[in-house]
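1. Predicted model, plus sequence, below.
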2 protein chains.
Amino acid sequence: MDIRIIPFASAVQPEEVTGKTIVVIDVLRATSVIITALENGAKQIYPVLSVEEAEELAGKFATGTYLLCGERDTQKIEGFDLGNSPLEFRQDKVAGKTLIITTSNGTKALDACRDSEKVYIGAFLNARAVAEKVKEKKEGVLVCSGTAGRFSLDDGLCAAMIIEELAKSVPVHPDDLGLALIKVWQSVNGNLQKLLKDSFHLNYLLKKGFNADVDYCLQKNSTSVVPVFSGIEIILS
Amino acid sequence: MDIRIIPFASAVQPEEVTGKTIVVIDVLRATSVIITALENGAKQIYPVLSVEEAEELAGKFATGTYLLCGERDTQKIEGFDLGNSPLEFRQDKVAGKTLIITTSNGTKALDACRDSEKVYIGAFLNARAVAEKVKEKKEGVLVCSGTAGRFSLDDGLCAAMIIEELAKSVPVHPDDLGLALIKVWQSVNGNLQKLLKDSFHLNYLLKKGFNADVDYCLQKNSTSVVPVFSGIEIILS
């Protein structure tokens, strides 16, 4: 399987993703949130780019059937029901609900892949299950969302973990960024705490007090849920 | 020193490089060529984006005082004096001459940095000397040219080597991509042949028969020449 890694959302070129099988990764925290929400029974999730778009879309659903979710600069958006902490997306909150979500990086990466053939949602939580879904493909593109137009190591290492999981069942041919990230991943045997101790976005979240979120998002293979994005909404695959 | 790595030329955002100190890296082969040409006495080098632009600019110089140089898909451009092989840029060819050069990736990266405060030209050949030039700065941006809109591991490892050289004299704070690349670099102690054996662009050049170029470009610290790009031409700094 030929595997390409896109380092951050704004580096996605349409011709690189159109018609392809994609995995969008935003470990801290958007894709970890989406996986958790669907695991806990959310009906469907609409990722949108702006607060205005989120509020406009909400107008199409009956009161009590949807939740407005998302963050700006890590904090819950004013007037929204939930922020971007996966720990908020409990069964008693989200089961049966439609979620409308806007985040700083993850929803941008999803938006850039609207014309892809198939877009799966990946994180450490479901890395093995994502690899199972895409392993029959001839090629795959792993889109790291990054942070504000920069590569984020947590997303890159998740890409490396997915490649490692794929390599257990098919021959893999990663691009140069993939080769580098696998080397990093293997250097301390997937010890995320050690690998990420100096990384920017993780430390920013810790500084803002989101320690429990970080611990949660760095769990590996805790679920077999693999969300899929139709270009409009995200549901269970 | 805060250090940012841009993974490939088309990922450069103007606000990330304007007014900043930049090192443009295109190990295979544009920046290795530029360093070699100036080391061998070239007077100045004009990097341009297109063959047409190169020919138009040539019209402004007297016959015999300039050389048209560059490649498309690794091969010398038809009617040009030199291609993109550093071994062609010998003293007897380039000394005292103005060079006009257009390449697939390196000249694009240079063009993207026209409004930067200072743009140095880096490669393995001059990594230590480049680090000497920029070490007093509070921040630096290392622009990896990449190959056709993709990250190229040779450029990334050169960035890692420059960071390692910097770290010998100042405290360095690399971004997440820098952290990853340093880890890769250290994993086999800077053994480039081992690190690059599966990388795309290097193997493409080997397939095209440029083995001697590859061996030449992977030499470390063979010169103290550090070219600088004014936004128009490149000269010795």
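-> Nice, I can see it.

2. tell me, what residue is most central in chain A?
-> Nearest to the mean C-alpha position of chain A, by CA atoms, centre = their mean, lies residue A:31 at 2.6 Å.

3. Double-check that residue against residue A:106; I have them as touching.
-> Yes: if you go by CB atoms under 8 Å, residue A:31 and residue A:106 touch, sitting 5.8 Å apart. For every residue, glycine as well, the C-beta is placed using N, CA and C.

4. shared neighbours of these two, anything?
-> Shared contacts of residue A:31 and residue A:106, defined by CB atoms under 8 Å, 6 or more residues apart in numbering or on different chains, comprise A:24, A:145.

5. mind checking pLDDT for the residue nearest to the centre of chain A?
-> Here the pLDDT value assigned to residue A:31 is 98.

6. Please give the element, helix or strand, for it.
-> Assigned by DSSP states H and E, residue A:31 falls within helix A:30-39.

7. what residues are up against residue A:183?
-> Neighbour list for residue A:183: B:183-184, B:187, B:195 [criterion: CB under 8 Å, 6+ apart].

8. which of those tops the neighbour count?
-> Among the contacts of residue A:183, the one with the most neighbours (other CB atoms under 10 Å in any protein chain shown) is residue B:195, at 23 neighbours.

9. what sits against it?
-> Contact analysis of residue B:195 by CB under 8 Å, 6+ apart lists A:183, B:153, B:157, B:184-185, B:187-188.

10. and the contacts of residue A:183 as JSON lines, adding secondary structure and pLDDT?
-> Output for those, formatted as JSON lines (DSSP: H, G, I helix; E, B strand; the rest coil; pLDDT from 0 to 100):
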{"residue": "B:183", "secondary structure": "helix", "pLDDT": "95"}
{"residue": "B:184", "secondary structure": "helix", "pLDDT": "95"}
{"residue": "B:187", "secondary structure": "helix", "pLDDT": "89"}
{"residue": "B:195", "secondary structure": "helix", "pLDDT": "91"}
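
11. next helix or strand past the lowest-mean-pLDDT helix or strand in chain A?
-> The weakest-scoring helix or strand in chain A, judged by mean pLDDT, DSSP states H and E, is helix A:192-195 (a mean of 90). As assigned by DSSP H and E, the chain's next helix or strand after helix A:192-195 is helix A:200-207.

12. Check whether that next one comes near chain B.
-> Yes: interface with chain B: helix A:200-207 contributes A:200-201 (CB under 8 Å from any CB of the partner chain).

13. neighbouring contacts of the helix or strand following that helix?
-> Next helix or strand after helix A:200-207 toward the C-terminus (DSSP H and E): helix A:211-217. For helix A:211-217, contacts defined as CB under 8 Å, 6+ apart pick out A:27-29, A:32, A:85-87, A:123-125, A:154, A:202, A:205-206.

14. which one of those residues has the most neighbours?
-> Greatest neighbour count in these, by other CB under 10 Å, goes to residue A:123: 35 neighbours.

15. Would you confirm that it contacts residue A:26?
-> Yes: judged on CB under 8 Å, residue A:123 makes contact with residue A:26 at a distance of 7.5 Å.

16. what residues are shared contacts of those two?
-> residue A:32.

17. before we move on, could you check phi and psi at the nearest residue to residue A:79 once chain neighbours are set aside?
-> Once flanking residues are discounted, residue A:79 sits nearest to residue A:68: 7.5 Å by CB to CB, 6 or more residues apart in numbering or on different chains. In terms of degrees, to the nearest 10, the main-chain angles of residue A:68 are phi -90, psi 130.

18. Neighbours of residue A:68, how many?
-> The burial count for residue A:68: 19, using other CB under 10 Å.

19. how close does the nearest residue to residue A:83 once chain neighbours are set aside get to chain B?
-> Using CB to CB, 6+ apart and skipping residues adjacent in sequence, the residue nearest residue A:83 is residue A:76, 3.1 Å away. With distances taken as CB to the nearest CB, to the nearest Å, residue A:76 is found 25 Å from chain B.

20. picking up where we left off before, quickly note the distance from the residue nearest to residue A:79 to chain B.
-> 30 Å.

21. Near chain B, which residues of chain A are found?
-> Counting by CB under 8 Å from any CB, the residues of chain A that sit close to chain B are A:4-5, A:7-8, A:10-11, A:13, A:16, A:149-153, A:156, A:175-177, A:179-181, A:183-184, A:187, A:195, A:198-201.

22. Just the buried residues of the residues you listed.
-> A:4-5, A:7-8, A:10-11, A:16, A:149-153, A:156, A:175-177, A:179-181, A:183-184, A:187, A:195, A:199-201 (16 or more other CB atoms under 10 Å in any protein chain shown).

23. what separates stretch A:114-128 from the chain centre, distance-wise?
-> A distance of 7 Å separates the C-alpha centroid of stretch A:114-128 from that of its chain, computed with CA atoms, centre = their mean, to the nearest Å.

24. Give me the average confidence score over it.
-> For stretch A:114-128, mean pLDDT is 96.

25. end-to-end on it?
-> One end of stretch A:114-128 sits 24 Å from the other (CA to CA, to the nearest Å).
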